[in-house]
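Engineer: Sequence plus predicted model, see below.
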Amino acid sequence: MALYSRVSGSVGMITLQNPPVNALSAAVRQGIVDMMHRALSEPEVKSVVICGQNGKFCGGADIREFGAKMTGPPLVPMVHLIEAASKPVVAAIEGIALGGGLELALSCHYRIAHSKATLGFPEVALGLLPGAGGTQRLPRLIGVPAALDLITTGRHVTAAEARQLGIVDEVTDLNAVDAAVKFAQSVTGKSLDARRISTYPCPRPPDLDAIFERAMQQVRRSARGAIAPGTCVQAVHAAVTLPYAKGMERERELFSLLFTSGQARALQYYFFAQRAVSRWSTANGARWDTSKPRPVRKAAVIGLGTMGRGITVSLAQAGFSVVAVETQEQQLSEAKQAVSGMLERGAKRRGVPLAHDKIKYSCSVQAVADVDLVIEAVFEDMALKKTVFQQLSAICKPGALLCTNTSGLDIDELASQTQSPELVVGMHFFAPAHVMQLLEVVYGPRSSPEVVATAMQMGKKMGKVSVAVGNCRGFVGNRMLKPYLEQAFFLLEEGATPEQVDQVLEEFGFAMGVFKVSDLSGLDVGWKVRKSDGLVSPASTGTSARIRGGSRYSPLGDLLCERGRFGQKTGRGWFQYDKPGGRVAKPDPWLHGFLEEYRAQHGLVARRIDHQEVLERCLYALINEGFQILQDGIAAGPEDIDVIYVLGYGWPRHRGGPMFYAGQVGLDKVVERLEHYQQIHPDVPGLQPCSLLRKLAASGNPAIHKWREVIQKPRSQL
Ligand SMILES: CC(C)(COP(=O)(O)OP(=O)(O)OC[C@H]1O[C@@H](n2cnc3c(N)ncnc32)[C@H](O)[C@@H]1OP(=O)(O)O)[C@@H](O)C(=O)NCCC(=O)NCCSC(=O)/C=C/CCCCCCCCCCCCC(=O)O
């Protein structure tokens, strides 16, 4: 709702009240309309200030209302009422003015912002455009290029930048509401003719066509199939080519197109999913709201390879004191240099002070004796990690958390090496650890709830999105990667090429297809794991070469590794590169010949494989594993899996995540297609729909927010 009060006798004050961000719900919109009428009708009131409660102007339209039938006064007439007012209306912008909140401010005649406020049009990230006049007013106010930048990227600007751009009239370090009241008094009685942005002509720079052409190219390059950015460009184009009223009609038409799209639904689902994962729960009943994190001031990182360096930087930038340990002098000094460089670049980019003095380097693991939390980041080798955990258990002070950055090894086995297994938890960072936003917090059966809470909170302090997951091989992300990769290998055996598979996945929206990713991360990584699992057979011919444990196995990756083709680092992998370390993947005729030879050797006849089969086999096998993970209680809900896949594995955000995508395709359809492929390839693993997927499909494709009810039922009946 909105509160009305009178300040200093002549200023009517409208205060938006809808915690936590004063979103423009139906009640708030109704309140604004009613209070505007009241302020305009009271003769003593000479000017109006609009502000938000609790230091937040407005976070925009209430996204929670988007799924339901719209009630209350619409936004567009509301902003027109404000702009058309006969008394000056001043927006007092504290905290945030985002989306519809900024549109509300632009309909006011003046805008006063606090210096710490941020402003922006983030609608594009929700699959929308600023649909309450934002695309028509902003270019009129700040020009086409700047408006295109803000609207198509959704980036937030500081109050200082907003002032520079001309979005706000004044910036204050003092109380912005008081400043707005004073300002409102000072403009009482002045003509408002020049203050109504909708009446401004839209600037037409001479190179207008080139500007729009460039903007379109830019969004096509970065949007990877997302429709909102290009539609935003079209809406701004209407501001230049049409009179305001017609431009508004066009904005409405384009907004409706986006609003009803699957992409908008996916992006809005993802917005809430990313927040839902902080309300974590574990399979044994620990929960975010009943588990108190422990205080952590000093942390340590053991092992300063690529991951350890990134983790050290993340910790230091978040303000933790860090002890960084690498046992070899030479490697320690190299790591120190690399970490310093990363900190310097980070400080420059983010305009924050350097955090060098937060880090102490040491060659001795004894240096971690007084820390509150250790993150082990040594090589992915169970024997080595076990030794480290035995040492840590003996050295660390009582109560210190012992965390591992393993990407898939058994947390419980590591915990069993220590005297306090309840203090052990996985903190699986993604490379580069100081850049990637995702953190999988892996709890074992013995991890204490407080330890999980502490690791989750540490992630948040480092600016990560932390997702709590159970302990199993590969946890959530890497476990789902396995069937996805396997299907891609089988498709090559059956007649596809790496470039064909990658093209299909990239058209779907992945930044890189599965084979390019494999080349980037190194084929030897998976080879090492398969070797330690006893899957890599020395004899690579005969029928046994393609069978493991009674199931179909593709040794293609192993064969490439045997030939020294480890991907980008060796200049050859599934693709060829101009040099070792090269980045540009080119199809490799050698590989095509090799695949032909391989098929001939194993009596396989290449067939034409279409786009649909590539997509369905790769994605549905991955999705099926996601359902198995839910069934096993490794992830608490589909949101956890979706956030992991979007933030850690490049799943296109506008498709919501693999579980959301499955729901959009239709779970019955996913089951039907998996069964279809399973019938054709009965010995290929990963194609048999798991029982939870079947059950949900059979219960009539419930909406994704209802899945938890079905998932939890079997457990409550135990
Ligand atoms: C920066 C933030 C605001 C705050 O960040 P932070 O402090 O970190 O806190 P969070 O954890 O993110 O958030 C705290 C809780 O607040 C919830 N929240 C945040 N913003 C909103 C919101 N806008 N609505 C609802 N709830 C919100 C959040 O979920 C958290 O709660 P919980 O933990 O999930 O419980 C940050 O939150 C942020 O960035 N928020 C998003 C801001 C944003 O994107 N704003 C833009 C919203 S879209 C908009 O404004 C659109 C305007 C145009 C509307 C035009 C209407 C035209 C009507 C025409 C209708 C046509 C229909 C067509 C159909 C047809 O034709 O048929």
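Structural biologist: Arrived safely.
Engineer: what residues does this protein put near the ligand?
Structural biologist: Proximity of the chain to the ligand is confined to 20-21, 23, 59-64, 74-76, 96, 98-100, 122-123, 126, 128, 130-132, 255-256, 259-260, 272, 275 under the rule CB under 6 Å from any ligand atom. Using the backbone N, CA and C atoms, a C-beta is placed for each residue, glycine as well.
Engineer: Now name the helix or strand holding V181.
Structural biologist: helix 176-186 (DSSP states H and E).
Engineer: which outside residues touch that helix?
Structural biologist: When contacts are defined by CB atoms under 8 Å, 6 or more residues apart in numbering, helix 176-186 is touched by residues 7-8, 10-11, 13, 46-49, 51, 88, 90-94, 110, 112-114, 117, 169-170, 172.
Engineer: From the chain's centroid, how far away is it?
Structural biologist: 39 Å (CA atoms, centre = their mean, to the nearest Å).
Engineer: Just after it, pick out the following helix or strand.
Structural biologist: Assigned by DSSP H and E, the successor of helix 176-186 is helix 208-223.
Engineer: just to revisit the earlier point, are any of the contacts of helix 176-186 buried, and which?
Structural biologist: Among the contacts of helix 176-186, those scoring as buried are 7, 10-11, 13, 46-49, 51, 88, 90-94, 110, 112-114, 117, 169, 172 (criterion: 16 or more other CB atoms under 10 Å).
Engineer: Quick check, central residue of the protein?
Structural biologist: Nearest to the mean C-alpha position of the chain, counting by CA atoms, centre = their mean, stands L647 at 4.3 Å.
Engineer: From G582, how far out is the residue of the stretch 601-718 of the chain found nearest the ligand?
Structural biologist: Residue nearest to the ligand within the stretch 601-718 of the chain: E639 (10.8 Å; CB to the nearest ligand atom). E639 sits 38 Å away from G582, going by CB to CB, to the nearest Å.
Engineer: Looking at these two, which has the bigger crowd around it?
Structural biologist: It is E639, of E639 and G582, that has more neighbours when counted by other CB atoms under 10 Å, with 27 against 15.
Engineer: Go ahead and list the helix or strand containing that one.
Structural biologist: helix 638-649.
Engineer: packing partners for that helix?
Structural biologist: Secondary-structure packing of helix 638-649 (3 or more CB pairs under 8 Å, 6 or more residues apart in numbering; DSSP states H and E): helix 262-276, strand 438-443, strand 465-470, helix 477-494, helix 611-631, helix 658-665.
Engineer: Format those as a markdown table; extra columns: mean neighbour count and mean pLDDT.
Structural biologist: Output for these, formatted as a markdown table (neighbours: other CB atoms under 10 Å; pLDDT from 0 to 100):
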| stretch | mean neighbour count | mean pLDDT |
| --- | --- | --- |
| helix 262-276 | 20 | 97 |
| strand 438-443 | 27 | 98 |
| strand 465-470 | 25 | 98 |
| helix 477-494 | 22 | 97 |
| helix 611-631 | 23 | 98 |
| helix 658-665 | 23 | 98 |
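Engineer: Need the ones you listed in JSON lines (columns: distance to D578).
Structural biologist: Below are those laid out as JSON lines (distance: least, CB to CB, whole Å):
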{"stretch": "helix 262-276", "distance to D578": "36"}
{"stretch": "strand 438-443", "distance to D578": "31"}
{"stretch": "strand 465-470", "distance to D578": "36"}
{"stretch": "helix 477-494", "distance to D578": "23"}
{"stretch": "helix 611-631", "distance to D578": "27"}
{"stretch": "helix 658-665", "distance to D578": "34"}
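Engineer: name the element the closest residue to the ligand within the stretch 451-600 of the chain belongs to?
Structural biologist: With CB to the nearest ligand atom as the measure, K460 is the residue of the stretch 451-600 of the chain nearest to the ligand, at 9.9 Å. Assessed by DSSP H and E, K460 sits inside helix 449-461.
Engineer: Can you dump the C-alpha atoms of that helix in CSV for me?
Structural biologist: Backbone C-alpha positions of helix 449-461 (Å, rounded to 0.1, in the frame of the first residue of the first chain) are rendered in CSV as follows:
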residue,chain,number,x,y,z
PRO,A,449,23.8,-28.4,10.5
GLU,A,450,25.9,-25.5,11.8
VAL,A,451,28.8,-26.5,9.6
VAL,A,452,26.5,-26.6,6.5
ALA,A,453,25.1,-23.2,7.5
THR,A,454,28.6,-21.8,8.0
ALA,A,455,29.8,-22.9,4.5
MET,A,456,26.6,-21.6,2.9
GLN,A,457,27.1,-18.2,4.6
MET,A,458,30.8,-18.1,3.6
GLY,A,459,29.7,-18.6,0.0
LYS,A,460,27.3,-15.7,0.3
LYS,A,461,30.0,-13.5,1.8
